[in-house]
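A.B. asks: the sequence and its predicted three-dimensional model are supplied below.
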Amino acid sequence: MAGVAGPATGSGAAGGDGDDSLYPIAVLIDELRNEDVQLRLNSIKKLSTIALALGVERTRTELLPFLTDTIYDEDEVLLALAEQLGNFTGLVGGPDFAHCLLPPLESLATVEETVVRDKAVESLRQISQEHTPVALEAHFVPLVKRLASGDWFTSRTSACGLFSVCYPRASIAVKGEIRQYFRSLCSDDTPMVRRAAASKLGEFAKVLELDSVKSEIVPLFTNLASDEQDSVRLLAVEACVSIAQLLSQDDIEALVMPTLRQAAEDKSWRVRYMVADKFSELQKAVGPKITLNDLIPAFQNLLKDCEAEVRAAAAHKVKELCENLPMEGRETMIMNQILPYIKELVSDTNQHVKSALASVIMGLSTILGKENTIEHLLPLFLAQLKDECPEVRLNIISNLDCVNEVIGIRQLSQSLLPAIVELAEDAKWRVRLAIIEYMPLLAGQLGVEFFDEKLNSLCMAWLVDHVYAIREAATNNLMKLVQKFGTEWAQNTIVPKVLVMANDPNYLHRMTTLFCINALSEACGQEITTKQMLPIVLKMAGDQVANVRFNVAKSLQKIGPILDTDALQEEVKPVLQKLGQDEDMDVKYFAQEAISAVAQRLRKLDFPVKDSEEPSAPGADKNHFLRPRGPGEDTGKGPAYQLHVNTRDTLPQLDTAEIVLFLPKHRLISRI
Amino acid sequence: METKLPPASTPTSPSSPGLSPVPPPDKVDGFSRRSLRRARPRRSHSSSQFRYQSNQQELTPLPLLKDVPASELHELLSRKLAQCGVMFDFLDCVADLKGKEVKRAALNELVECVGSTRGVLIEPVYPDIIRMISVNIFRTLPPSENPEFDPEEDEPNLEPSWPHLQLVYEFFLRFLESPDFQPSVAKRYVDQKFVLMLLELFDSEDPREREYLKTILHRVYGKFLGLRAYIRKQCSHIFLRFIYEFEHFNGIAELLEILGSIINGFALPLKTEHKQFLVRVLIPLHSVKSLSVFHAQLAYCVVQFLEKDATLTEHVIRGLLKYWPKTCTQKEVMFLGEMEEILDVIEPSQFVKIQEPLFKQVARCVSSPHFQVAERALYFWNNEYILSLIEDNCHTVLPAVFGTLYQVSKEHWNQTIVSLIYNVLKTFMEMNGKLFDELTASYKLEKQQEQQKARERQELWQGLEELRLRRLQGTQGAKEAPLQRLTPQVTGGGQS
């Protein structure tokens, strides 16, 4: 809206005067005051439209005061209001008047509900940028001060997020004041405010002069990092990253490291977790030398922490940590200082730790190179492939590509296979689903021979899984495999097996054949589709289960574009027409859907020139031919409804298509 | 992996790895749920409290307290207290059984001694006692095994070291309740920091532990006058954090229970601080998802406040209306229950102030498709006091609810609800037949007016939307005399 509103204001002001009489403010305000929350919410969401109708002057003098006065409302309405006001600068007359928006936002920044407050702060930050330096000091900074000294914690919490946006453009004297206010919030009485201050400490440090960082931010950081509440201390860890980035190596060592070391051994696992979670950022921020001296030992401790949460967080960072070590001596260091701990984690008692490790451990192979991988990592991979927890195995399999680059997948294939087979038959369908997703990747890396020999039967077995999601995924998987291995392979290995299922006594399996055909036809091309698949589909039109029959109709619609016109005309059309007379209304409906799609295609083939005038998606508007309709007119109507309304429209449509096809000359002549 | 490891990597902590039972999970800490998503197998538990104790000393039984002469009693007491400060690993249930037994016996003896023997609690033993208690109970609660822990559905994870912990709590309680106990001496050790750590323990998932904590905190509040304001303040911090930041804290119900008795004792007139606590903490607490866990205690607190000071009623009811559940019918029923409790004690002068918004909400509840909500709301009419309030103010209340009741009586799917509504309408008719007839007559008219209004609203917004589009076009192209094209109709007419 900001972009829209901005340019509108110039002329909007002029044109607005004429329109004002149409929309007296009372009417608009009535809308904003409606008793029904939903209507009130709708009105607030269109606040910019109201403001536009009022013009900038009356928005400033009437609308905004109203909004400021009636701030007590449902939080959802307030949230919408806070969001709207962030983009309102244009609607009140541009940057010169941006400060008019501050009073309502100030009230919003003090409400109880966190999401509203956060949104108000976000909008205030946005608007602060639109203030001129003078206006910033005259209006914005006083607002921040008021919030910072508010008597309820909500306003002080909100203030924490506003210091960093007004500091850079303030004068020296004001800067001093701002720092003073921030300092006092860092030692606020309520932990909520200290948490807010701690979470903004890094951001604030970045806009400060280096001297002030050292003399003021560092002491604040040290205090927050030793707060009595662990929820405050852990936020200081985040700030640590930003502060370290600003300081020289010596300063980091002297000013930051004592605190960081303490945090890594904090008595609360939450703080240690945070150190583990932010490890890569910390590593980059403190630089290689301190990393080697301090962070590596700390990391080793985190990897063997007594809380599994902490170990898992650290395990997640193993690869990144290794990657970011200086190239020189990296390998030795990993081998001596990190790998022993990793080996231990492979047999951790907690599955989340193991699975966190499994998600990154394969990445080490590129860092350590072929020999080390084979000698040291491979045993770990193999152990994890045999892990009792499926998530661990899955994580290993999903990252196989990393190892493939270094040592090739063959080294693993002996262990891989049992792992895959076991996952493929896991009792949890989500696990089966996950392994299916990796099949195309595995197939690509293992090659067609290995695949045919070992994995093909698995892929076919999934097609008759008792969970639909698995059958569906298996179908897509086949399509991806065909894309990988080509149509010839499909014709020889996949298609026959799929087609055999058309005679299965279970109708769900027969439907799977249809779904496979839907997925495969495009990848297989016209010949296979016409010669092998189409006959089966057509035959299934006589199935006794209605679900199969209407899926036949759907399939025919789907593969229609791949077939040639002869097949469409002579084979598909009669079958569809027969299905169109089916006793089941769903079958009828889908048959008619297919008929109109096919008809359209037949017609298009004949008059490709006219394409531009018509909707290009087949079936997008099935009736435009006979009865022009507005877009969206036929949305939201269920099959049953369409059935009764459109029966007469669609059947003649096919006939028309026929005429078009067979009497092209007549049409052309008659036109001339 | 049975790989040889460098000595540094052997765990120094005696605890076995794994997770322990009690949960302090936090959303705001930025912990991704990813690492916590778990299939919930039974795992071995551990507790952060053992991690720094590496070399366990051997405990040897000391002589019984009752066997030594009075002159040696305090020296022995000190040694026993020191012995009880040694921590054991309860995850490994067979580790150091002898030591555990020695400590258990010592604790038992201490409990016995402090509860029954006079003259034991002399000034020098206070620091030892508080140190022993602190060492045992203060610990970082480990991560929750089940981050989606639902106190109503799931079994809580119990504290493994309970056999010792229970005795320590019991000892603490008897210490506080002993007739020899001197708050003036103890306040040097039971300070703000101590209380803060005590409050943090309320997050324990073990209900047995929270039960002890509740009683203990209550005693502390009673005996240490200097800590009262601090305890109230820290409690409200916990509540606010619970409402606005983490939405997870196991001990809310217990804290509210203590507060209920604290509020009961407030002197009149109420201090601003207390009123603010009601409006800014207790009322917003109603918005929390897990309200059902502590609603009874919360409602008790609220009603306590209203019995102390009736002028708060308007604030409370407007607050409840603000936080009225939008989608959770279970909570809605609780709100209705609390509202009836409030109405039971409301003064007629206060009722007048809130009757209209209140009964509009009640009417909305009656029209709820969930029959339990509708039923609960209709039960208000079974309450004689409420009925008398309605009767006294029927000129306001009736019009507020009539339309909805009338409509729902024709539309509700549930027969019980329909018949309940008929009863209510009948009461109305008997209450004020004339007004009832007027409302029935004007009902249709109002419906039509509503439709008319909806149409007008739609036209208004359509007009506004067109105006906006025109302005946009106006700024893009040359300005085309906007005055001549005010409404769509005019545009259409002008062109033809």
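C.D. replies: Right, received. Where do you want to start?
A.B. asks: for A:Leu124, grab phi and psi.
C.D. replies: Main-chain dihedrals, A:Leu124, degrees, to the nearest 10: phi -60, psi -40.
A.B. asks: and it, what pLDDT?
C.D. replies: A:Leu124 is assigned a pLDDT of 93 by the prediction.
A.B. asks: pretty sure A:Leu64 contacts A:Pro103?
C.D. replies: Yes: judged on CB atoms under 8 Å, A:Leu64 makes contact with A:Pro103 at a distance of 7.2 Å. No exception for glycine: its C-beta is placed from N, CA and C like everyone else's.
A.B. asks: who's more crowded, those two?
C.D. replies: A:Leu64 (22 against 17; other CB atoms under 10 Å in any protein chain shown).
A.B. asks: contacts only, for that one.
C.D. replies: Taking CB atoms under 8 Å, 6 or more residues apart in numbering or on different chains, we find A:Leu64 in contact with A:Val92, A:Cys100, A:Leu101, A:Pro103, A:Pro104.
A.B. asks: tell me the mean pLDDT for stretch B:247-261?
C.D. replies: For stretch B:247-261, the per-residue pLDDT averages 92.
A.B. asks: residue of the stretch 201-350 of chain B with the smallest distance to chain A?
C.D. replies: Residue of the stretch 201-350 of chain B nearest chain A, by CB to the nearest CB: B:Tyr244 (4.7 Å).
A.B. asks: help me confirm that that residue is found in a strand?
C.D. replies: No: looking at B:Tyr244 with DSSP: H, G, I helix; E, B strand; the rest coil, it is helix, so not inside a strand.
A.B. asks: what's the closest of the contacts of A:Leu64 to chain B?
C.D. replies: Distances from chain B to these, taken by CB to the nearest CB, are shortest for A:Val92, at 15.4 Å.
A.B. asks: quick one: that closest one and A:Arg60 touch, right?
C.D. replies: Yes: with contact defined as CB under 8 Å, A:Val92 reaches A:Arg60; the gap is 5.2 Å.
A.B. asks: so for those two, which residue has more residues nearby?
C.D. replies: Using other CB under 10 Å, the more surrounded residue of A:Val92 and A:Arg60 is A:Val92, with 23 against 18.
A.B. asks: tell me who's in contact with that one.
C.D. replies: By CB under 8 Å, 6+ apart, the residues touching A:Val92 are A:Ala51, A:Val56, A:Thr59, A:Arg60, A:Leu64, A:Ala98, A:Cys100, A:Leu101.
A.B. asks: list the residues that contact the last one.
C.D. replies: Neighbour list for A:Leu101: A:Leu64, A:Leu85, A:Phe88, A:Thr89, A:Val92, A:Ser123, A:Ile127 [criterion: CB under 8 Å, 6+ apart].
A.B. asks: the last one touches A:Ala98, doesn't it?
C.D. replies: Yes: between A:Ile127 and A:Ala98 a contact is recorded at 5.4 Å, counting by CB under 8 Å.
A.B. asks: overlap in contacts, these two.
C.D. replies: What both A:Ile127 and A:Ala98 touch, as defined by CB under 8 Å, 6+ apart, is the set A:Thr89.
A.B. asks: hang on, the earlier thing: pick out the most distant pair among the contacts of A:Val92.
C.D. replies: Within the contacts of A:Val92, A:Ala51 and A:Ala98 form the most distant pair, 13.8 Å apart (CB to CB).
A.B. asks: looking at these two, which is more packed in?
C.D. replies: Taking other CB under 10 Å, A:Ala51 and A:Ala98 do not tie; A:Ala51 has more neighbours (27 against 24).
A.B. asks: A helix includes the more buried one, no?
C.D. replies: Yes: A:Ala51: assigned to a helix according to three-state DSSP.
A.B. asks: wait, it sits on A:Leu91?
C.D. replies: Yes: under the criterion of CB under 8 Å, A:Ala51 makes contact with A:Leu91 at 4.1 Å.
A.B. asks: which parts of the stretch 301-450 of chain B sit against chain A?
C.D. replies: B:Lys322, B:Lys360 (CB under 8 Å from any CB of the partner chain).
A.B. asks: burial count for A:Ala523?
C.D. replies: So A:Ala523, with other CB under 10 Å, has 19 neighbours.
A.B. asks: could you say which helix or strand contains it?
C.D. replies: Assigned by DSSP states H and E, A:Ala523 belongs to helix A:507-528.
A.B. asks: which non-adjacent residue is nearest A:Phe66?
C.D. replies: Spatial nearest neighbour of A:Phe66, excluding adjacent residues (CB to CB, 6 or more residues apart in numbering or on different chains): A:Ile29 at 5.7 Å.
A.B. asks: how close does the one you found sit to A:Thr291?
C.D. replies: 61 Å (CB to CB, to the nearest Å).
A.B. asks: between the two, which is the more surrounded one?
C.D. replies: Taking other CB under 10 Å, A:Ile29 and A:Thr291 do not tie; A:Thr291 has more neighbours (21 against 16).
A.B. asks: which residues touch residue 286?
C.D. replies: The chain I'm using is chain A. A:Ala244, A:Ile252, A:Val256, A:Met257, A:Leu260, A:Asp294, A:Leu295.
A.B. asks: not quite, I wanted chain B
C.D. replies: Taking CB under 8 Å, 6+ apart as the test, what B:His286 contacts is B:Leu298, B:Gly319, B:Leu320, B:Tyr323, B:Phe335.
A.B. asks: now do the phi/psi pair for it.
C.D. replies: The phi/psi pair for B:His286 (degrees, to the nearest 10) is phi -70, psi -20.
A.B. asks: can you check the pLDDT for it?
C.D. replies: 94.
A.B. asks: and A:Ser415, by the same measure?
C.D. replies: A:Ser415 carries a pLDDT value of 71.
A.B. asks: just confirm it contacts A:Leu385, I think it does.
C.D. replies: Yes: with contact defined as CB under 8 Å, A:Ser415 and A:Leu385 form a contacting pair (5.0 Å).
A.B. asks: more crowded one of these two?
C.D. replies: Applying other CB under 10 Å to A:Ser415 and A:Leu385 shows that A:Leu385 carries more neighbours, namely 21 against 17.
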